[in-house]
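>>> quick one: sequence and predicted model below, then my questions.
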Amino acid sequence: GGSSDPKHPHTLREVQTLLQQMQDKFQTIFSLIGTLDEMSTRIDDLEKNISDLMTQAGVEEFEGENKVKE
């Protein structure tokens, strides 16, 4: 007596622990994806702001000159 059944190497508790670890990993991955998504949105906003600043500074005039030559 006393020995655990070799047919069932994984107890329910071990399986639950494994599932909990997987869940934690997935949550970490999802939060990383969310952070990346947020960063890409901020980069898009930055690009818009930079192009607006360039327009205000008259940088687009140089592009316009190139187009006039055609």
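Received the coordinates, thanks.

>>> who are the packing partners of the helix or strand containing Asp24?
Following DSSP states H and E, one finds Asp24 within helix 12-57. Applying 3 or more C-beta pairs under 8 Å, 6 or more residues apart in numbering; DSSP states H and E, one finds that helix 12-57 contacts no other helix or strand. In this view, the C-beta of every residue, glycine as well, is placed from N, C-alpha and C.

>>> quick one: mean pLDDT for it?
For helix 12-57, mean pLDDT is 94.

>>> centre of the chain to that helix, how far?
Distance, stretch centre to chain centre, for helix 12-57: 3 Å (C-alpha atoms, centre = their mean, to the nearest Å).

>>> same check, this time on stretch 43-58
On C-alpha atoms, centre = their mean, the centre of stretch 43-58 falls 24 Å from the chain's centre.

>>> please begin residue numbering at 120 from this point
Got it, the first residue is 120 from now on, which makes the last one we talked about stretch 162-177.

>>> buried ones in that stretch, by neighbour count?
Going by neighbour count (16 or more other C-beta atoms under 10 Å), nothing in stretch 162-177 comes out as buried.
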